[in-house]
Structure formats: C-alpha cells, structure tokens
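>>> Here is my input, please return the structure:
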Amino acid sequence: MSATTKRAEESREAIAHKEADRLQAALYRIADTTSTVTDMDTFYAAMHGIVGELMDARNFYIAILDEATSLLGFPYFVDEADPRPEPRAPGRGLTEYVLRTGAPLLADPEVMDRLLQEGSSELVGAPSLDWLGVPLKRGEATFGVLAVQSYDESVRFTDHDREVLTFVSQHVATAIDRRRAADALRKSEERFRTLAETAPCAIFIYRGGRVRYANPAAMAITGYGREDAGLSVWDVVHPEDRERAEERALARQRGEDVPSHLELRIIDKKGRVRWLDYSAALVDYEGRPAVLGVAFDVSERKQADDRIKSLAYHDTLTGLPNRALLNDRLSLAVAQSHRARQKLAVLFLDIDRFKVVNDSLGHALGDRLLQETASRLTASVREGDTVARLGGDEFVVLLPGLQRPVEAARVAEKVLLALRQPWVIDGQERSVTASAGISIYPDDGGDAETLVKNADTALYRAKEQGRDRYQLFTPSMNAGACERLALENGLRRALAQGELRVHYQPLLDLASGRIFGVEALLRWQDPERGLLVPAADFMALAELTGLIVPMGPLVLHAACAQARAWQEHSHPELRVSVNLSARQLAQPELPGQVEAALLESGLAPRFLELEVTENSISQNPEAARETLGRLKALGVRITIDDFGVGHTVLGTLKRLPIDALKIDRSFVRGLVDDPDDAAVASAVIALAHSLKLQVVAEGVETEEQRAFLAAHRCDRIQGHLFSEPVPPEACEAFLARHRT
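The predicted structure follows:
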C-alpha cells in the first residue's frame, strides 16, 4: 500500500470515527434530554438541535398521528417556505406515504416525479428539492414521521443522511414515547391531585401499610393531618375489621381476584367509630407499586340502616323485640333446646281490661302504661330471656334453658306481682293486673308457632278463671279454644245477620206489688243449633273481642222503642233498664248514643235506667264519674249492678251520680241458708237507704227470699219467682195479666 493510499485510508477511518463519535454524542444528548426536559415543546426543539448537529436541518418537522382522533398533527414544524399545518386527516403527501409504508424515503426531484406519476403521492405545500423522511415506530407500528427538506442546490441529502436519520429516529421515537408517557403521567398526577384535593370522598395512597398521600377529605374524616405523616393504615382500622382488611390487601398483592369494595369501620383521632365504604386498587406511585384507596363516610347511612333494622325487628313504642324478631329468637331457642335436651317456656301475657283502661285514660296515657309494663317485664326476667311485644297489650316472654315447668310458673308469679304494683301518673296512683298463659317445649309444642298458639290458649283460660293469674297449657284447652273460635265466628255472623234478640224480665215493686219496669236482656237465636243462647254464654266473649261495642247501641235502641210502645199501650209509667258493659262506659260517644236512642224512640229520659257494674267503675273511678255525670245530665237513672262483689269504697260511692244499687244474685241465692250472705244483703240495703238510694235484688227464685227482702225493706226485686226473661210478645202478655 502506497503512502498516499495509506493516508487516504487513515483519513477515512478518522472520518468514520468522528462520525461515530458524533452519533454517540447525539444519542447521549437524546437520552439526557428525555430525562431532564419537562414539556414536549422544549423536547421537540431539543431533538431539532440534535438532528441539526448531524445534518442540515434548517427545515425540520415532526408529524404524529393522533390515535384518538385519527388526525395527523405537527407538534413541531420549522420551515422557511411553509407555516405549520393544522391537524388534518391523512392524505397523499410524502409524510403520509412514510406513515403508510413504514419505510424511510429520500425523495429527490426524480423520485418525486415518479411518485406523482404513479399516484402514490401528491404535492402538499411548497415544492422542495430534496425531502427526507423516516418513520417513528412503536414496535412494528408507525406513529409518526421525522422529516428534513431542502429548497436549493447547496443542500442535498444522500443515502448516508437517510441512514443517519433512520438511526437517530429509532432513538427519538423511543424518547418521544417515553417523554409523552412521562408527560401524560405528570399531567395525570396533576389532574389526580386537583381532583383529589377537591373530592368530597377520602382519597389516599399507601405502600407497605404507610400512608404516602391523603387528601383533605381523608384528613377530615379520620382527624389525622399532615403532622401525622407516615401513619400506618392499620392503626386507623377498627380492630374487629383489621384482620379481614389485611387479608384482602395481601391477597390483592399476591394477584388474587378479590372484590375491591369493602365496608369497614375506622376509629378517628378522637376515638369515634366511623363506617367507610372503601375501594382499593393497585397503582404506580412515584415509580413504585402502591395501593390507591377511595372511601366514603357512610356512618349516617349505617345509622339509618340500623334504625331501619331496629324498626323492622323492634316495637316502636316500647323498644322491645316485635313479632318478627321473637319468631327468629324462638325458632333458634327451640333448636338449641333440642340439642341441649332442655326445656323452654313461652309466657303469653296481656293486661286485663286494657281496652277499657286505654279508652278511659286516653291513648297517650295508655301508651305510657304499655311502656311501664315493658319496663317491669324486662326487669323481672333474666338477662338471656326475651321480652317481646306482639301488638296492643300483648306481650310474650321467652324463657330458654329450663329444667322443669315450675321454673316458668315462678317467673309468671314474679311478673304478675310486678305488674300489680301501682303506678303513678299525673300525680295519681293507678293499678292494673295482667293474665298469662304458659306453654313448655317440648311438652306443649315442637315449633315456635305451636308454642305461641298454645300459650295464647292458656292465657284465655286464665282470663276465664277470673284474670290476674297464670295458667299452664293442657291439651284439653285446644278443644275449648276451637269451641271458643266457633262461638266468636257465630257471634259475628249473628251480629251481621240480625240473629240477636232482646228479651225482657219484669221488675216488681215490693211495697206496691206492681210491675214498675223491665230489664232488657240480650239473647242469641242461633239457627245452626236451634237454641236461644243466654247472654251469660257469650257476653264475656263479646266483651273480650270488642263485639260488645256494636251490640250496645242495638240493645239501647230496641229497648227504648219497645218501652215507648208499651207506654202508648196501657203502661204509661213503665221503665226499662239497659246494661252497659265496661267497654261501653269507657267510650266517649256513649252519652251521644243514649241521647240518640231516646230521641229516635220518643221515650222520656226518666223512664230509661242504665245499669253499670261495680267492677267497671272501679277500673277508673274518675273517668267513670265523668261519664256517669254526662249521662245523668240527660235525665236518665243510674244503677250500680252486681253490687257487693267489687271493690268500690264508700267515698267513691258517695261521689257517683247514682239512683239505685242492685244486690248481686250470689248473695240473694244464700239469703235463707247462709248468714254471711244475709248479713251482706242487709248491710247493702241499709247502706243504700242511708245514701237515699233505692235497692233492687236480682235472682229472686223462692218465696223465702222474697219474704226476707221485703222484711228488710228492699225496694224492688226481679227473678224467676214471678218471671224469667221472655220475648217482647210474652212480656206484653205478662204485663197485661199483671195489670188486670
């Protein structure tokens, strides 16, 4: 090799090394620019400068296809002939040619003419002398073009320039992608912070359990501020929910598919418990994996849910479990008793004559009585027992874990004793009693429904036996319950179909020996049994079921109309007596019903005598006195029936606007044979006369009884001695005979 050739070879190698150094330096600058520049405009300008160091790049632009809009944009465009184009749909220009082919293109005039003739391209903007464009790729897909162009002969591009620009473009494409991703991430984080700072929900990011970011809402909900930086998430979560939340977080980190949504409790900085509706997702934060948590404070909603559940399963007046919750607990208790081979008891209880008490005191005070009853029941049982209110005045006590039925009986005695104690309302003492029925598992039923039904049946038997007592269920009671149900259904039918009849029993004046009046007594003509059912067989059931309320006006109107008819037919001074039940006496509309019956019939008020029992007065003396006063103001007469069997004190008796006392038939029955009955009857007669009241004795069946009463100056009598209750036609005939 000659010296000249050697120098030429060395010169070429030196040029090649220099070119390689220039390319390497350009690549370093591309990498450095990518990591330091913070916005794309500056980045694109820096890329222009780097390319300009490698070739003539006075006319340089970058075109990028927007995948979202499918428009070709020119984020960087420097050209001495054309202004920067607006984004456009890809056409047939040289830029679009490179986009389509994905290959570099050096278009000199000859190549340009060929492309135009082929129709592969078209002129866009000012014609250039040389145009060099290379694709920007992401993998195999072309997303943009890097281009330089020349407008004069002094600047021509070669294949070497194409190779250099292609080499550079590969790194520029990567840098653009990385810079765009970083820019998008930065903008995303800025948008995230803007959103997070103003969001009403708690937003926080944590890694390794430590909080890295928390927005103002998160700090407001938890009470922790920026001074608590590095706080552990698990220090805030309620201990009862912590294990569950940690298990889900670990499962998520392991890549397991777990629900992102969770409701949990936290304890804020002040120690208050709050409920959060919490969602979590894995994110990159500051270049590392982290957990993004979003939480809404749902404490008020949870409280509302708890209130709704409480309303669904608890009685609103007393706060006790209602029927639904009782059934759940009773069914569970039955299952537990079966497994443990133990007994349980159901105690069904209601307040005696509560309807009368409620009507006389008013519903507000009646509600207070129910609340007091609930309180006393709860205080009388064990902690594990359940006291429930089914509705009205009906309560059920569930007593699990018993060994013998006698244990339930002792609880019933304790409960009834507690309810007997007077309660003070508006400064006055009131007393009520209750009755209870008891059923035992498994003796009296194997399921909740049967146990409650049988306890209810036993309760009815307790009421039949006089109230203020308890009764254990026996199988024979079911037959009685079926009979009672049939009787109630028949009674409802009788009321609807007019099967009830009013019979009349004459009352005799002992001094004159004349019939001065009649007592109206209800009878039921039962077509199915073909019987005339006496009131004693159905009035107690009518009182208990409330059917007595529509029966009352029926008897009033019939009796007043019949008495007026008899007065117009030869008995001008005849009186009629009508019995009022305790429920009727407690109704505010009673005086209006009496007045309506008098007006409709035309009967003068002084010929109507209303009889009320001593017990119905003693339940609420003040309310009874007020109602009797309103009745007395109408001009009617008032008699206390069944006197001697109740608890009326003399002071109360003196304040009542009454005209007569009626001695109970139980004392009349033993007048001749029982000295005690004779003494009671004599005392009642003397008491009545001292108060200027008349005395009537009912149930007189023998001449000896009549003689005793006459000797002790009893004013009037009634009984089978001279007439039993008879239909109106028979009574009219009796009156006619007696008058003659």
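
>>> hey, what's residue 273 bridged with?
residue 267 (DSSP bridges).

>>> I figured it hits residue 266, correct?
Yes. Counting by CB atoms under 8 Å, residue 273 does reach residue 266; the two are 7.5 Å apart. The way it works is simple: take the backbone N, C-alpha and C, and place the C-beta from them, glycine included.

>>> When these two are compared, which one has more neighbours?
Shown here are residue 273 and residue 266; by other CB atoms under 10 Å, residue 266 has more neighbours (25 against 12).

>>> Around the closest residue to that one other than its chain neighbours, how many other residues sit close by?
Using CB to CB, 6 or more residues apart in numbering and skipping residues adjacent in sequence, the residue nearest residue 266 is residue 236, 4.9 Å away. For residue 236, the count of nearby residues is 23 (other CB under 10 Å).

>>> Now do the phi/psi pair for residue 236.
phi -90, psi -30 (degrees, to the nearest 10).

>>> My guess is it contacts residue 221. True?
No. Between residue 236 and residue 221 there is no contact under CB under 8 Å: 9.7 Å.

>>> what do the two both touch?
Shared contacts of residue 236 and residue 221, defined by CB atoms under 8 Å, 6 or more residues apart in numbering, comprise 266, 268.

>>> Can you say which helix or strand has residue 52 in it?
helix 40-54 (DSSP states H and E).

>>> Now the element after that helix, going C-ward?
Using DSSP H and E, the helix or strand that follows helix 40-54 in sequence is strand 60-66.

>>> Sheet partners, orientation included, of that following strand?
strand 71-78 (antiparallel), strand 141-150 (antiparallel).

>>> Now render these as CSV, adding mean pLDDT and mean neighbour count.
Below are the strands paired with strand 60-66 laid out as CSV (pLDDT from 0 to 100; neighbours: other CB atoms under 10 Å):
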stretch, mean pLDDT, mean neighbour count
strand 71-78, 94, 18
strand 141-150, 94, 23
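
>>> ok, back up a step: would you mind listing the residues touching both of residue 273 and residue 266?
residue 238.

>>> Quick check: the residue lying closest to residue 402 once chain neighbours are set aside vs residue 442, distance?
Among residues not flanking residue 402 along the chain, residue 343 sits closest, at 4.4 Å (CB to CB, 6+ apart). The gap separating residue 343 from residue 442 is 7 Å, by CB to CB, to the nearest Å.

>>> anything in contact with each of these two?
Common neighbours of residue 343 and residue 442 (CB under 8 Å, 6+ apart) are residue 337.

>>> Give me the more crowded residue out of these two.
Neighbours were tallied for residue 343 and for residue 442 using other CB under 10 Å; the higher tally belongs to residue 343 (19 against 15).

>>> Residue 294 bridge partners, please.
For residue 294, the beta-bridge partners are residue 203, residue 279 (DSSP bridges).

>>> my guess is it meets residue 202, correct?
Yes. Residue 294 is within contact range of residue 202, at 7.1 Å (criterion: CB under 8 Å).

>>> Next up, identify which helix or strand the residue lying closest to residue 292 once chain neighbours are set aside is on.
Distances taken as CB to CB, 6+ apart place residue 283 nearest to residue 292, at 4.5 Å, with adjacent residues excluded. Using DSSP H and E, residue 283 sits in strand 273-285.

>>> which helices and strands does that strand pack with?
Under the contact criterion of 3 or more CB pairs under 8 Å, 6 or more residues apart in numbering; DSSP states H and E, strand 273-285 touches strand 202-207, helix 239-253, strand 261-267, strand 288-297, helix 299-313.

>>> got the buried residues for the first one?
Applying a neighbour-count criterion of 16 or more other CB atoms under 10 Å, the buried positions in strand 202-207 are 202-206.

>>> And these, which is closest to residue 489?
Closest approach to residue 489 among those (CB to CB): residue 202, at 62.9 Å.

>>> from memory that closest one sits against residue 298, does it?
No. Proximity of residue 202 to residue 298 does not meet the contact threshold set by CB under 8 Å, at 11.3 Å.

>>> what residues do these two have in common as contacts?
residue 276.

>>> can you list the domain ranges for this protein.
According to automatic domain parsing, the chain comprises the domains 3-184, 199-302, 316-474, 488-739.

>>> What is the longest helix anywhere in the chain packed up against?
Ranked by number of residues, the top helix in the chain under DSSP state H is helix 159-198. Packing partners of helix 159-198 (3+ CB pairs under 8 Å, 6+ apart): helix 3-36, helix 40-54, strand 105-107, strand 130-138, strand 141-150.

>>> can you pull the contacts of residue 314?
Contact partners of residue 314, counting by CB under 8 Å, 6+ apart, are 320-322, 325.

>>> which helices and strands does the host helix or strand of residue 615 pack with?
Using DSSP H and E, the element containing residue 615 is helix 614-618. With contacts defined as 3+ CB pairs under 8 Å, 6+ apart, the packing partners of helix 614-618 are helix 582-585, helix 621-633, strand 637-643.
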